[in-house]
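Student: Below: sequence and its predicted model.
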Amino acid sequence: MAGVVLYFGCDSFGTSGEIVHPIVDSLTTPPSEATVVLSRGGGRADKGSTGPVVTFRERFERREVIATIGGMEGTEEGTFGLLWDAAITAADEVLILDRIQTNVRVFSATGEYLYTLGGQGEGPGELQVPEALVLEPGGDLLVADQAQLIHRFARRGDRFEYYDRSRFEGEPRDACWVGDDLIVHGMRSGAGQQILHRTATGRQPELSFAVPYRYAPSLVYEMLSRGQVACGVENGGWVVIAYRLRNAIEAYDIVDGELLWNARIDGLRPTEARERRGGRSVTTGIFGDERALHFLRRVAGGNGVPVFVQYSYSLREDILNQTGHHTVETYVLDPETGEGEYWGDSIPSLLTVTDEYAVSYRNDPYPRVRVARIPR
């Protein structure tokens, strides 16, 4: 049967044959070379090999919801469009990025609305296509913007205030902080470009690394290289990336950009990308006899917390009928080794996880956020 198009880019279809991606020969780390293989639906892993994951799971399962934010009706401050990212400050404030309303709303951990940052526009303090929230150790807030910008909101007493913005070469898709470094997952023009960037500081130059898919047409390359990231300071600093259209999770050393490990999940069915006309048009969706598909939903955690990787799992009939029905599968990995566990499909979609809080969201029947405290 013909593919059901979930994404369409750039040009109409031509008459030439299709190329199905990913192509194994174009992968820097093919599935057969995975250093870690996780089991979908495998449950708890061996305690001896995943101590940090097991220990955190015992705490995570005792989390308690302390606030629900958002409603179908009510104040403008509590009505969301598209929940995109979140962060927790040292003062226990919850920052929520709304992609449609193009702003960051600040709440207390118990759900009290405090104030709003941003808003659509190109002026100082305004956002265009915000992608990620990052908190610096000093307390400032960075907002990675797909419009090739990094906005800085400085901490001034008990509030954030717009300070400045800097140009980033490329389109930021996600970002995280590790030690003294900002790591940006950004797409730069042209195929074969590195996709992870340790931004320049006064003490060191920029370091770009990771070329996961070696394929010439830039549209295909960008689609197959896009994902989400989490960072941590252990062993000098690392960044973990999971990809949208590939069954792959990779960890890199931020000091030299070397690959530390790469994992795949047995039974995971990511959507294919099908190319026509030399990479100028690409579709993703249901092709052939696939019964279900996985879509990357969230990478969270890091900096002392295991890495959470979530995928939505949709049955064929729900995709074809556009019902929106799906489950969310959660995998939790030890960032030092890549070993981990499947935690089932009962955990809601996450926005962020820290050592003390888990912020999750639901969209049905209306967008809302839940803040849970993780006990010590």
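Tutor: Okay, I see it. Keep in mind it's a predicted model, so treat the numbers as computed, not measured.
Student: From now on I want contacts and neighbour counts done on CA atoms only, so please keep to that.
Tutor: OK.
Student: roughly how far is stretch 344-362 from the heart of the chain?
Tutor: 13 Å (C-alpha atoms, centre = their mean, to the nearest Å).
Student: With just CA atoms, put that stretch into CSV.
Tutor: Output in CSV follows, covering the C-alpha atoms of stretch 344-362 (Å, rounded to 0.1, in the frame of the first residue of the first chain):
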residue,chain,number,x,y,z
GLY,A,344,6.7,0.0,31.3
ASP,A,345,4.0,2.1,29.7
SER,A,346,2.3,3.6,32.8
ILE,A,347,4.6,6.6,33.3
PRO,A,348,3.1,9.8,31.7
SER,A,349,5.0,11.9,29.2
LEU,A,350,7.8,13.7,30.9
LEU,A,351,9.1,17.2,30.5
THR,A,352,12.0,17.0,32.9
VAL,A,353,13.4,14.9,35.7
THR,A,354,15.7,16.0,38.4
ASP,A,355,16.9,14.4,41.6
GLU,A,356,14.0,15.9,43.5
TYR,A,357,11.2,16.5,40.9
ALA,A,358,9.5,14.9,37.9
VAL,A,359,7.4,17.1,35.7
SER,A,360,5.0,15.3,33.4
TYR,A,361,2.1,16.4,31.1
ARG,A,362,-1.0,15.1,29.5
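Student: What average pLDDT does it get?
Tutor: This predicted structure assigns stretch 344-362 an average pLDDT of 97.
Student: now swap in stretch 84-95 and tell me
Tutor: Rounded mean pLDDT across stretch 84-95 is 98.
Student: One more: stretch 191-199?
Tutor: 91.
Student: for stretch 145-153, same thing?
Tutor: Mean predicted confidence for stretch 145-153 is 97.
Student: What of stretch 24-42?
Tutor: Stretch 24-42 comes out at a mean pLDDT of 88.
Student: got the contact list for it?
Tutor: 211-215, 247-248, 261-268, 338-342, 344 (C-alpha atoms under 8 Å, 6 or more residues apart in numbering).
Student: From these, keep the buried residues only.
Tutor: 211-215, 247-248, 261-265, 268, 338-342, 344 (16 or more other C-alpha atoms under 10 Å).
Student: for residue 82, what are its contacts?
Tutor: Contacts of residue 82 by C-alpha under 8 Å, 6+ apart are 98, 99, 100, 101, 367.
Student: Residue 206 is in contact with residue 198, correct?
Tutor: Yes. The criterion here is C-alpha atoms under 8 Å, and residue 198 meets it with residue 206 at 5.5 Å.
Student: Among those two, which residue is more densely surrounded?
Tutor: residue 198 (24 against 11; other C-alpha atoms under 10 Å).
Student: what comes up buried for the helix or strand encompassing residue 328?
Tutor: Residue 328 belongs to strand 327-333 when assigned by DSSP states H and E. By 16+ other C-alpha under 10 Å, the buried positions in strand 327-333 come out as 327, 328, 329, 330, 331, 332, 333.
Student: Who is the fourth one paired with across the strands?
Tutor: In this structure, residue 330 has the following beta-bridge partners (DSSP bridges): residue 310.
Student: Pull out the buried members of the contacts of residue 82.
Tutor: 98, 99, 101, 367.
Student: Just the closest of the residues you listed to residue 54, please.
Tutor: residue 367 (31.1 Å; C-alpha to C-alpha).
Student: and the spatially closest residue to residue 117 that is not a sequence neighbour, how many neighbours does it have?
Tutor: Distances taken as C-alpha to C-alpha, 6 or more residues apart in numbering put residue 104 closest to residue 117, at 5.0 Å, once the chain neighbours are dropped. When counting by other C-alpha under 10 Å, one arrives at 23 neighbours for residue 104.
Student: Contacts for whichever strand or helix holds residue 104, please.
Tutor: Per DSSP H and E, residue 104 falls inside strand 103-108. Here strand 103-108 makes contact (C-alpha under 8 Å, 6+ apart) with 77, 92-98, 113-120, 127.
Student: Weed out the non-buried ones from those.
Tutor: Here, 16+ other C-alpha under 10 Å leaves 77, 93-98, 113, 116-120, 127 buried among the contacts of strand 103-108.
Student: Between the contacts of residue 82, which sits nearest residue 137?
Tutor: residue 98 (23.3 Å).
Student: hmm, back to that, which other helices and strands does the strand holding residue 328 contact?
Tutor: strand 307-315, strand 340-342 (3 or more C-alpha pairs under 8 Å, 6 or more residues apart in numbering; DSSP states H and E).
Student: Show me what the longest one is packed against.
Tutor: Using 3+ C-alpha pairs under 8 Å, 6+ apart as the contact criterion, the secondary-structure elements in contact with strand 307-315 are strand 292-301, strand 327-333.
Student: do the shortest one as well
Tutor: Where contact means 3+ C-alpha pairs under 8 Å, 6+ apart, strand 340-342 is packed against strand 36-39, strand 327-333.
Student: List the contacts of the last one.
Tutor: Strand 327-333 has contacts (C-alpha under 8 Å, 6+ apart) with 53, 306-314, 339-349.
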